[in-house]
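Peer 1: structure here, sequence nowhere to be found:
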């Protein structure tokens, strides 16, 4: 395996680990309590040495904000999403993760 392929495999493994853990955390859609899920994501950012801050106008629904330095010639990119999970089937609890054709199924 060449260096690029090894790096891509490591990124995919990290991504899968994050997704698998996240779908197991109870974090109901708004106005639910997403503190545990937010802390879980923050753990990965910290482990990778990425600075972030928590913004929580509503204590039970915190958000994470992070940025990084890119090429001076590139534009600044901001990504935003909600930190909540929904069961794939109403009334069930997500217990795993399947990645298929680029889509995430819990």
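Peer 2: Thanks, I have it. Because the structure is a prediction, the values reported are computed rather than measured. Residues are numbered from 1 along each chain as shown.

Peer 1: what ranges do the strands span in this structure?
Peer 2: Using DSSP state E, the strands of the chain run over residues 52-55, 63-66, 98-100, 103-105.

Peer 1: which other helices and strands does the second one contact?
Peer 2: In other words, strand 63-66. Applying 3 or more Cβ pairs under 8 Å, 6 or more residues apart in numbering; DSSP states H and E, we find strand 63-66 packed against helix 35-47, strand 52-55. All C-beta spots, glycine's among them, are computed from the backbone N, C-alpha and C.

Peer 1: relative to residue 6, which of the ones you listed is closest?
Peer 2: Proximity to residue 6 (Cβ to Cβ) singles out helix 35-47 among the helices and strands packed on strand 63-66, at 19.3 Å.

Peer 1: and the longest helix seen in the chain with helix 35-47, angle?
Peer 2: Criterion DSSP state H: the longest helix present in the chain is helix 3-24. Between the axis of helix 3-24 and that of helix 35-47 there is an angle of 160 degrees, by axes from the mean of the first three to the mean of the last three Cα atoms, to 10 degrees.

Peer 1: most packed of the helices and strands packed on strand 63-66?
Peer 2: With neighbours taken as mean count of other Cβ atoms under 10 Å, those reach their highest mean count in helix 35-47, at a mean of 15.

Peer 1: show residues contacting that helix.
Peer 2: Under the contact criterion Cβ atoms under 8 Å, 6 or more residues apart in numbering, helix 35-47 has outside partners 14, 18, 21-22, 25-27, 51-52, 54, 59-60, 62-64, 66, 83-85.

Peer 1: how far off centre is that helix?
Peer 2: Counting by Cα atoms, centre = their mean, to the nearest Å, helix 35-47 is centred 8 Å from the centre of its parent chain.

Peer 1: please apply the same query to stretch 25-38.
Peer 2: In terms of Cα atoms, centre = their mean, the centre of stretch 25-38 is found 13 Å from the chain centre.
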